[in-house]
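Undergrad: Structure of the sequence below:
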Amino acid sequence: MRKKFFLLSLFGAVAFLFASHHVLALREIQSEGEFNQIIQQKPHVVVDFYASWCAPCQRMMTVLSDIEKEFPNVTFIKVNIDLLKNLADTYKVLSIPTFIFFKDGQKIDRVIGLLTKNQLQEKIKKLFA
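TA: Purely as a prediction, here's the structure:
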C-alpha cells in the first residue's frame, strides 16, 4: 500500500511541476537593462506587465504560454510591476494586465485588461504581419 501511495504522490508532484512550468514558461525580466536589451535586439516583442497578486494576470499566463508556441518569431516577456516599478512608470502602466507591443524597438500598441486567446492571436497577427 505504501508503494502505491508513494507512486501516486510522485506522479502528482511531477504533474504539478509540469503544469507549473507550462504556465510559467514566459521569460520574466529581472532588470531594466535586460528589458531594454530585449526590446532593442528582438524585432517583435509582447510585454505582459503583471503582478503576482493579480487574478486576471494569472489567468492570462495560460493564454500567453499557449500563444507563445504559435508565434516563434515573437518574443514574449513578463514584467512584475511590483519588482520593476520604474518600468511600469516609464510605460505608464496604471492597470494590469497591460500588454505593450514593440516592433523593431518601438512601442506600436498597447492593450489593457483580459483578452481571449483569439483576441490576442488576432492582435499579434495584425501588428506583426
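
Undergrad: Distance of Leu87 relative to Tyr50?
TA: Using C-beta to C-beta, to the nearest Å, we find Leu87 at a distance of 12 Å from Tyr50. No exception for glycine: its C-beta is placed from N, CA and C like everyone else's.

Undergrad: who touches both of those two?
TA: Val79, Ile81 (C-beta atoms under 8 Å, 6 or more residues apart in numbering).

Undergrad: in the protein, which spans are strands?
TA: Taking DSSP state E as the criterion, the chain contains strands spanning 27-28, 44-50, 75-80, 98-103, 106-112.

Undergrad: next one: the fourth one to chain centre, how far?
TA: When you say that, I think you mean strand 98-103. Mean C-alpha position of strand 98-103 versus that of the full chain (C-alpha atoms, centre = their mean, to the nearest Å) differs by 11 Å.

Undergrad: how many other residues sit next to Arg110?
TA: The number of residues packed near Arg110 is 14, by other C-beta atoms under 10 Å.

Undergrad: was I right about it contacting Thr98?
TA: Yes - counting by C-beta atoms under 8 Å, Thr98 is a contact partner of Arg110 at 6.5 Å.

Undergrad: Now do the residue nearest to Thr75 when sequence neighbours are not counted: how many residues are near it, please.
TA: Excluding the flanking residues, the one nearest Thr75 by C-beta to C-beta, 6 or more residues apart in numbering is Lys42, at 4.2 Å. Using other C-beta under 10 Å, the number of residues around Lys42 comes to 16.

Undergrad: Understood, closing this out.
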